[in-house]
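*Asks:* output the structure for:
(chains A and B)
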There are 2 protein chains.
Amino acid sequence: MINAQYKQMLQGKSIIRELSEYATARGKEIGYENVFDYSLGNPSVPCTRDFTDTMIELLQTNEPVALHGYSPSLGIESVRQSVADSLNRRFGMNYAGKHIFMTTGAAGAVAHAIRCVTQPGDEVLTFAPFFPEYMPYVNQTGAVLKVVPANTENFQINFEAFEQMVTDKVAAVLVNTPNNPSGVVYSSETLTRLADLLRQKQTEYGHDIFLVSDEPYREIVFAGVDAPFVAKFYDNTLTCYSFSKSLSLPGERIGYVAVNPKATDADIIAVICGQISRGIGHNCPPSIIQLAVSKVIDETSDLSVYETNMNLIYDKLIALGFTVVRPGGTFYIFPKALEKDANAFCRKAQQYDLILVPADNFGCPGYFRMAYCIDTEKVKRSLPVLERFVREQYGVQ
Amino acid sequence: MINAQYKQMLQGKSIIRELSEYATARGKEIGYENVFDYSLGNPSVPCTRDFTDTMIELLQTNEPVALHGYSPSLGIESVRQSVADSLNRRFGMNYAGKHIFMTTGAAGAVAHAIRCVTQPGDEVLTFAPFFPEYMPYVNQTGAVLKVVPANTENFQINFEAFEQMVTDKVAAVLVNTPNNPSGVVYSSETLTRLADLLRQKQTEYGHDIFLVSDEPYREIVFAGVDAPFVAKFYDNTLTCYSFSKSLSLPGERIGYVAVNPKATDADIIAVICGQISRGIGHNCPPSIIQLAVSKVIDETSDLSVYETNMNLIYDKLIALGFTVVRPGGTFYIFPKALEKDANAFCRKAQQYDLILVPADNFGCPGYFRMAYCIDTEKVKRSLPVLERFVREQYGVQ
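*Replies:* Below is the predicted model:
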């Protein structure tokens, strides 16, 4: 018989995916250029020329049996070393190759990291607003995701609520900075306070509390914003990364878990992730993509378009009277809707072919997300439409 | 805390991997050309020139944002359709794109298929000798793998033992033909009898019993051998495939589950596999590899070397008095050791730099596996060494 638990999951279709499918269908009716689709977080800039050239060179010059051969299940050794070297160079860390576990993107990284440091029934805390896919990533391990209410003033951490929720049952805390959907980057002050509190609770409860830091947007940080490296603040940190956004390779499924060398059991965590991977038959990311990424490890695509778009949208939202926190990075912005029910607000916007995502299942009802990984030209064309929508529906001057 | 269950798995290191590591280390001492390494099932022939050219063409001519963009979580639609078309063309089946779920190799396919059609606590049966990684693939789903003892006469199915073990608790049966490690291909007679028995038991118990058919060696079949398509015999069949062996791409992690259109819930099984994948953060195989494989979907590498090697080794084993079933495909052969304890036998062989794998954890104690995916030249050089080993240690004339 079909597994009942997974059959049940079919009920909970992703609102993002639904809206994205609507946008595509609507595009077929009126031309996709006329649909202002802010639904999906899909990079809009190409990978670097170097990445493409590296792939072609690998294919042209390497012996195919070696090039396409099995990767060791934790990742190709030279690739793991190059990830460690890059992190050490850039963030003054002290990773060795053995602390790196290569994964199929940040999604794979988070799912493995959480499974590694929890037992079934343990609690994992995350902070609203949060990426809805954390629900299956965490809950399918047998652990239970609990969401700390948002600090809607600035989308840093709501420490009052957090302190109450960090009970003895909590095995891990999952953070995402720069944040999807708020665009906010956690400050040094926030991370210091978080780390201090976690250390205090570890001592109080007599067990580890791991910090799983999901960082696919690490390289998309805007001018003047300080984006501290989370693992520097707290020893028991597992850093989850993806090249999907930095190199615009979301389809190629490549990322890693980096285990802080000072973490408890630091030397076996990657090995245990390998066992987890073995148990789901997944093994490791594709060899050729591992090799290619390692050769352009410090590069990023030209990510400047996201900041350009953010400034245009932020200024217009402010001018229209929205309550909104200025993003420090990512390609998301997270304004408060102009009526209490963000679903109703987004349905009205849809009549103007503005595709906005209501944030109920991001743990922040009343807000909506705009993913501005689209052409600047289209952003510019969307702003008068946004203005017309707001004036007609909400009478804002 | 580190997950206790996975920490426990660290104890059970793979004998294949241990021997392979030994062979590599020994190669550094005496030159790898002098180590007759029959341990690992890693293809020894290159992928096709067409595959490489297709990859380069995709990179040179496609717009990178589209090429490297997210694949839908069940696989790229055109790729799923091309898999369905190929199976229909070759095997007279009736798959639609919706019946295909793209996976990271056959390992990912088997792990997803089993999870899809079992509930925790259900039993899954497989037949000795079997690929040892089935243990984690099945047991990590919460189902329980039970092994039907081997029919050592010809390594077809031991139906007497099987009938006793197909109780009401059995939700799925996992077969692997052509078989790793025996090299044997299940005959039409075997598959007919298996299907008849499963249908009878489905009726008797009033619930589905799915047949999960693991077929990574489907394209490696030797002259004169009939290799029937398993799904033709039984409606509730999930076919698990990998391009690792047929196209020599084991590192690129690409395969699929094909759901027999006549299976119960055929139209939602791929969708449920997508939910399973979502729950482990894995999503789908790399976009560029999906696209490239779909363009060479009916090609294989030149696989003839495996048959050449098999004939050389089989003839020598027979000449030396081994009990051995002639393989019908794969790149494995599975002789009976010349003493009761195959571990002792393989340790003695190791003194001659012959790396053979004892089959205790393939569910067939007293046998050993040779993976002859190596150069024919090396196979030829190994045969006198095999002969010397046998004569010196076992006094065979």
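
*Asks:* got the residue ranges for the strands in chain A?
*Replies:* A:36-37, A:100-103, A:123-127, A:144-148, A:170-176, A:210-214, A:237-242, A:255-259, A:332-333, A:354-355, A:357-358, A:368-371 (DSSP state E).

*Asks:* closest to chain B out of those?
*Replies:* strand A:170-176 (6.7 Å; C-beta to the nearest C-beta). Where you see a C-beta, it was placed from the backbone N, CA and C, and this is true even at glycine.

*Asks:* tell me the strands beside that closest one, with direction?
*Replies:* Next to strand A:170-176 in the sheet, as set by DSSP bridges, lie strand A:123-127 (parallel), strand A:210-214 (parallel).

*Asks:* tilt between it and strand A:144-148?
*Replies:* Calculated by axes from the mean of the first three to the mean of the last three C-alpha atoms, to 10 degrees, strand A:170-176 forms an angle of 60 degrees with strand A:144-148.

*Asks:* now the angle from strand A:170-176 to strand A:237-242?
*Replies:* Going by the same axes, to 10 degrees, strand A:170-176 makes 40 degrees with strand A:237-242.

*Asks:* what lies in contact with strand A:170-176?
*Replies:* A:110, A:114, A:117-119, A:122-127, A:130-131, A:134, A:138, A:143, A:145, A:166, A:186, A:194, A:198, A:201, A:207-215, A:230, B:1 (C-beta atoms under 8 Å, 6 or more residues apart in numbering or on different chains).

*Asks:* if we use 7 Å, what do you get?
*Replies:* Strand A:170-176 is contacted by residues A:114, A:117-118, A:122-127, A:130-131, A:134, A:143, A:186, A:198, A:209-214, A:230, B:1 when judged by C-beta atoms under 7 Å, 6 or more residues apart in numbering or on different chains.

*Asks:* about what we covered before: can I get the strands of chain A in a markdown table with mean pLDDT?
*Replies:* Converted to a markdown table, the strands of chain A look like this (pLDDT from 0 to 100):
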| stretch | mean pLDDT |
| --- | --- |
| strand A:36-37 | 97 |
| strand A:100-103 | 97 |
| strand A:123-127 | 98 |
| strand A:144-148 | 98 |
| strand A:170-176 | 98 |
| strand A:210-214 | 98 |
| strand A:237-242 | 98 |
| strand A:255-259 | 98 |
| strand A:332-333 | 98 |
| strand A:354-355 | 98 |
| strand A:357-358 | 97 |
| strand A:368-371 | 98 |
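
*Asks:* redo those as JSON lines? Include mean neighbour count.
*Replies:* Compiled in JSON lines, the strands of chain A are given as follows (neighbours: other C-beta atoms under 10 Å in any protein chain shown):
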{"stretch": "strand A:36-37", "mean neighbour count": "22"}
{"stretch": "strand A:100-103", "mean neighbour count": "29"}
{"stretch": "strand A:123-127", "mean neighbour count": "23"}
{"stretch": "strand A:144-148", "mean neighbour count": "18"}
{"stretch": "strand A:170-176", "mean neighbour count": "24"}
{"stretch": "strand A:210-214", "mean neighbour count": "28"}
{"stretch": "strand A:237-242", "mean neighbour count": "27"}
{"stretch": "strand A:255-259", "mean neighbour count": "28"}
{"stretch": "strand A:332-333", "mean neighbour count": "26"}
{"stretch": "strand A:354-355", "mean neighbour count": "22"}
{"stretch": "strand A:357-358", "mean neighbour count": "26"}
{"stretch": "strand A:368-371", "mean neighbour count": "26"}
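
*Asks:* show the pLDDT at the residue lying closest to residue A:198 once chain neighbours are set aside.
*Replies:* Nearest residue to residue A:198 in three dimensions, chain neighbours excluded: residue A:209, at 5.2 Å (C-beta to C-beta, 6 or more residues apart in numbering or on different chains). The per-residue pLDDT reported for residue A:209 equals 98.

*Asks:* now do the same contact list for residue A:209.
*Replies:* A:170, A:171, A:172, A:173, A:198, A:201, A:202, A:236.

*Asks:* burial of the closest residue to residue A:320 other than its chain neighbours, as a residue count?
*Replies:* The shortest distance from residue A:320 to any non-neighbouring residue, by C-beta to C-beta, 6+ apart, is to residue A:390 (5.1 Å). Using other C-beta atoms under 10 Å in any protein chain shown, residue A:390 has 23 other residues around it.

*Asks:* and residue A:390, what's its pLDDT?
*Replies:* So residue A:390 comes in at 97 (pLDDT).

*Asks:* okay, buried residues for the helix or strand of chain A with the lowest mean pLDDT please.
*Replies:* Using mean pLDDT, DSSP states H and E, helix A:4-9 stands out as the lowest-scoring helix or strand of chain A, at a mean of 85. Along helix A:4-9, these residues count as buried under the neighbour rule (16 or more other C-beta atoms under 10 Å in any protein chain shown): A:5, A:6, A:7, A:9.
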